[in-house]
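**Student:** I would like to see how this sequence folds:
(one chain, ligands or ions: 1)
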Amino acid sequence: MQTIYDLTYEQMQEMLVAHGQKPYRAKQMFSWLYRKRVTSFDEMTDLPKTFIEELKQEYFIEPLKEIQRQVSKDGTIKFLCELKDGSSVELVLMHFHFGDSLCVTSQVGCNMGCSFCASGLLKKQRDLSAGEIVGEVMFVQKQLDAEGRRVDNIVVMGTGEPFDNYENVMHFCSIVNSDLGLAIGARHITISTCGIVPKIEEFTKGHYQYNLAISLHAPTDELRKKIMPIDKAYPLDVLMKALKAYSENNHRRLTFEYILLHDVNDSDAMAITLANLVRGMNAYVNLIPYNQVDENGYVGVDEKKALHFYDVLMKHGVKATLRQKHGDDIDAACGQLRAKHERNKKSS
Ligand code: SAH
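**Tutor:** Numbering: from 1, shown residues only. Next comes the predicted model:
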């Protein structure tokens, strides 16, 4: 059994044909699933009853259920949900002046091993299927429906490395982006990668309109290798070359994410090296406040320091933004809530 959310529009058409149905029914099914947002096949009243019975033998709709939620004073909601096999995933819903933004998880655990991140505390168990990620969006959208709100933006920045689960993540994007379904614009979808170069190259060739964000966090290989093991496989010169090719081919602006870590990557010299690395590219640096993870000993910087770093970048010709802190009073760091939950499961 798998979730019906796994199927892209084209796959839905193929499935229909394989069941002796007309491919135009894909439009009906996308409408039931993503516009009317039904929770059972029986509600799809314009489908033949016999076909509905066949669907029930092979597919279910909802892949996840809520097991815990934390609500922050600033309105950020963190959900911990369980998949059919008992794995848990986290979702974070943030409210911005430009709309509601949802951070989705792409893998159960993560193998990238970035030393500052809570997700890596639990190794990857498996990739999520496209439909399980779609299910994350549908789970939240169905809650927002009651308030007449919608998921306006999606960031694939939860637990996991999206480019280590490339095909499923691209299918996920195509499903939520489909005009016949949720119709979340490509430019409202951001994929964040730690820098898996062959997949960046594949993404470049696909000419997708989704936004690409790169977790950089260090402007030299010496430091980056220490905090992000991926840099050993794809050092900065290789990464930057692939990113330049991406911007030139796609004419899209890149985002470099840079968490400011006290006494690690926050000096003026680092800011200048970072500016030298990025200057001239169609890109900006998003400075991210660090969500403290007790297990790894890093500390964030105060606002004054962050503003100073920002100023040095701007003075050296690189555009930057300072990300607002969200969900400071809840377990907001990627993977933090799940890591706690898994530990509690083991100790109980
Ligand atoms: N693997 C992908 C996506 C998941 S991480 C990637 O590396 O981009 C999403 C972003 O959150 C990354 O920029 C990551 O470095 C950052 N991040 C991880 N732990 C964090 C923490 N404790 N505080 C702030 N940002 C964190």
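
**Student:** Contacts only, for the residue located most distally from the centre of the chain.
**Tutor:** Distance from the C-alpha centroid of the chain peaks at Thr50, with 37.7 Å (Cα atoms, centre = their mean). If a contact means Cβ atoms under 8 Å, 6 or more residues apart in numbering, then Thr50 has no contacts. (C-beta placed from N, C-alpha, C; glycine too.)

**Student:** any idea how far it lies from Arg279?
**Tutor:** In this view, Thr50 and Arg279 are 63 Å apart by Cβ to Cβ, to the nearest Å.

**Student:** And for Thr45?
**Tutor:** From Thr45 across to Arg279, the span is 59 Å (Cβ to Cβ).

**Student:** Can you pick out the residue with more neighbours from those two?
**Tutor:** Remark: of Thr45 and Arg279, Arg279 carries more neighbours, 13 against 10, as counted by other Cβ atoms under 10 Å.

**Student:** And for that one, nearest residue in space, chain neighbours not counted?
**Tutor:** Nearest non-adjacent residue to Arg279, counting by Cβ to Cβ, 6 or more residues apart in numbering: Gly317, 4.9 Å away.

**Student:** any idea how far the spatially most central residue of the chain lies from Ser101?
**Tutor:** Central residue of the chain (Cα atoms, centre = their mean): Val156, 1.0 Å from the mean position. Distance, Val156 to Ser101, by Cβ to Cβ: 12 Å.

**Student:** what's the answer for Asp127, then?
**Tutor:** Taken as Cβ to Cβ, the span from Asp127 to Ser101 is 23 Å.

**Student:** repeat for Ala213
**Tutor:** Distance of Ala213 to Ser101, given as Cβ to Cβ: 13 Å.

**Student:** Please enumerate the shared neighbours of the two.
**Tutor:** Shared contacts of Ala213 and Ser101, counting by Cβ under 8 Å, 6+ apart, come down to Val155.

**Student:** buried set for stretch 163-182?
**Tutor:** 163-166, 168-178, 180-182 (16 or more other Cβ atoms under 10 Å).

**Student:** same question for that stretch, mean pLDDT?
**Tutor:** Stretch 163-182 shows a mean pLDDT of 97.

**Student:** Same check on stretch 122-134?
**Tutor:** Averaging pLDDT along stretch 122-134 gives 95.

**Student:** ditto for stretch 212-231
**Tutor:** 98.

**Student:** Show the end-to-end separation of that stretch, please.
**Tutor:** 18 Å (Cα to Cα, to the nearest Å).

**Student:** likewise stretch 285-301?
**Tutor:** 16 Å.

**Student:** Likewise for stretch 63-81?
**Tutor:** 10 Å.

**Student:** touching the ligand at all, it?
**Tutor:** No - applying Cβ under 6 Å from any ligand atom, one finds stretch 63-81 out of contact with the ligand, separated by at least 13.4 Å.

**Student:** Then stretch 178-189?
**Tutor:** No - using Cβ under 6 Å from any ligand atom, stretch 178-189 stays clear of the ligand, coming no nearer than 13.6 Å.

**Student:** Same check on stretch 195-213?
**Tutor:** No - Stretch 195-213 does not reach the ligand (Cβ under 6 Å from any ligand atom); its nearest approach is 6.6 Å.
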